[in-house]
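1. model this:
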Amino acid sequence: MSTPLEKPQIIAHIQKSLNYTIFDSKWIPCSAKFVCMGNFARGTGVIQIYEIQRGEVQLLKEIEKAKPIKCGTFGATSLQQRHLATGDFDGNLHVWNLEAAEVPVYSVKAHKEIVNSIDGVGGLGIGEGAPEIVTGSRDGTVKVWDTRQKDTPVANMEPVEGEAKRDCWTVAFGNAFNEQDRCVCAGYDNGDIKLFDLRNMSVRWEKNIKNGVCCVEFDRKDINMNKLVATSLEGKFHVFDLRTLHPTKGFASVSEKAHKSTVWQVRHLPQNREIFMTAGGAGNLHLWKYEYPAQRCKKDAEGVDMGVAGTVNLLQNVTLSSQPIASLDWSPDKQGLCVCTAFDQSVRVLIVTKLNRV
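-> A predicted model of the protein is given here:
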């Protein structure tokens, strides 16, 4: 356990007000730069590139697009290219070379409605296998794209016939630890979580957590599935231990009432997957550490293996805004550096201290 002297501090290092609604923000890998994405009041989309210079953020470039931009990822690009993949309000998936962003390097009408969430894997040297992008939409579908194939997704997870169409709010890649295996987790507005096995094109596991699922994230994409955090509308998050799947009980989990309102985001610290941050609808951030149990697996009454959930400890929390924090991204390069945006139209660069002492 941490002593009070070793508690991490969450410091708002830089704050900047912007003139548009910001939906997402991401660090540009191997740089002191980040991108903000959103929409202007006039209904167009915007991508802005910022750089940290001497304790300030400087706007390097502003790119206006026809449709509001909801989400973005660098996860399927190479470190040399650092192309940004975005999903917009019109259902489009675009991949941009930020050095020359007039025309996308890849473009597809991915969904009939807004792309709510996007993730990438196989790029940046993270995860085995082909670079792929997953998109989740209000139209109820989850699609996986390989940008080397022009117009058709390599996988399309739709509601089965007769099943109600649910709004997919969040998607994430995981289990990309070899050339063959890969999973996508998706969360829906009715509380459903579905884990799709892309190797077998099947649903590997599903669970309903009773409230809309705002965000899902594996603790790491490039390892044999270990943990998954899912956040929800009612201020709760759930940590699932993914090492042991029981045939009837599923994965063991621990849930925590984290915020007084919606938990919009969860992001694991790239340098330590047991530490993660949740972002809340009341403008607050909570920093957590997951503690493993003494044994992660035990036998049930019939002698079948079942998982054992660990515990979560709150390391620190801070209130930054009166508005929801809609996006959060840790720097992959500098431990404790973080960018977040809120619906107060502000972007904040945060420093979290003492993370190597907890």
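
2. Kindly state the beta-bridge partners for the residue nearest the centre of the chain.
-> Centroid-nearest residue in the chain, with CA atoms, centre = their mean: Glu217, separated by 5.5 Å. Per DSSP bridges, the residues bridged to Glu217 are Val229.

3. my guess is it contacts Pro270, does it?
-> No - taking contacts as CB atoms under 8 Å, Glu217 lies outside contact range of Pro270: 11.5 Å. Using the backbone N, CA and C atoms, a C-beta is placed for each residue, glycine as well.

4. Per-residue pLDDT of the closest residue to Gly235 other than its chain neighbours, please?
-> Sequence neighbours aside, His259 is the residue nearest to Gly235 in space, at 4.6 Å (criterion: CB to CB, 6 or more residues apart in numbering). With respect to pLDDT, His259 scores 75.

5. Sketch out the low-pLDDT regions of this protein for me.
-> For the chain, applying pLDDT under 70 flags the ranges 1-5.

6. can we see that at 80?
-> For the chain, applying pLDDT under 80 flags the ranges 1-6, 124-126, 150, 160-163, 259.

7. mind listing what Val154 touches?
-> 132, 144-146 (CB atoms under 8 Å, 6 or more residues apart in numbering).

8. Serialize those residues to a markdown table and add fields for distance to Pro104, neighbour count and secondary structure.
-> Formatted as a markdown table, the contacts of Val154 follow (distance: CB to CB, whole Å; neighbours: other CB atoms under 10 Å; DSSP: H, G, I helix; E, B strand; the rest coil):
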| residue | distance to Pro104 | neighbour count | secondary structure |
| --- | --- | --- | --- |
| Glu132 | 17 | 26 | strand |
| Val144 | 19 | 22 | strand |
| Trp145 | 13 | 26 | strand |
| Asp146 | 16 | 16 | coil |
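
9. on that earlier part again, and the residue nearest to Gly235, what element?
-> According to DSSP states H and E, His259 maps onto no helix or strand at all.

10. Pull up the distance across stretch 35-50, start to finish.
-> Terminal residues of stretch 35-50 are spaced 6 Å apart (CA to CA, to the nearest Å).

11. whoops, stretch 328-347 was the one
-> With CA to CA applied, stretch 328-347 spans 10 Å between its terminal residues.

12. Also stretch 302-313?
-> End-to-end distance for stretch 302-313: 32 Å, by CA to CA.

13. Can you point out the buried residues in that stretch?
-> Across stretch 302-313, burial judged by 16 or more other CB atoms under 10 Å covers 306-310, 312.

14. Present the residues you listed as a markdown table; the columns should include secondary structure.
-> Listed next are those as a markdown table, based on DSSP: H, G, I helix; E, B strand; the rest coil:
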| residue | secondary structure |
| --- | --- |
| Met306 | strand |
| Gly307 | strand |
| Val308 | coil |
| Ala309 | coil |
| Gly310 | coil |
| Val312 | strand |
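
15. Wait, the residue nearest to Gly235 touches Gly280, no?
-> Yes - here His259 reaches Gly280: they are 3.4 Å apart, a contact under CB under 8 Å.

16. and for these two, which residues touch both?
-> Joint contacts of His259 and Gly280 (CB under 8 Å, 6+ apart) are 235, 286.

17. What number of residues are in the vicinity of Ala41?
-> 8 (other CB atoms under 10 Å).

18. mind checking how far the closest residue to it other than its chain neighbours is from Val347?
-> Of all residues not flanking Ala41 in the chain, Tyr20 sits nearest, at 7.1 Å (CB to CB, 6+ apart). Between Tyr20 and Val347 the distance is 11 Å, computed by CB to CB, to the nearest Å.

19. Tell me who's in contact with Asn226.
-> Contacts for Asn226 (CB under 8 Å, 6+ apart) come out as 218-220, 241-243, 273.

20. circling back: does the residue nearest to Ala41 touch Gly38 like I think?
-> Yes - counting by CB under 8 Å, Tyr20 does reach Gly38; the two are 5.0 Å apart.

21. Find the residues that touch each one of these two.
-> Residues touching both Tyr20 and Gly38 (CB under 8 Å, 6+ apart) are Val46.

22. These two: which has the busier surroundings?
-> Gly38 (23 against 20).

23. hey, what's that one bridged with?
-> With DSSP bridges as the criterion, Gly38 is bridged to Ile22, Val46.
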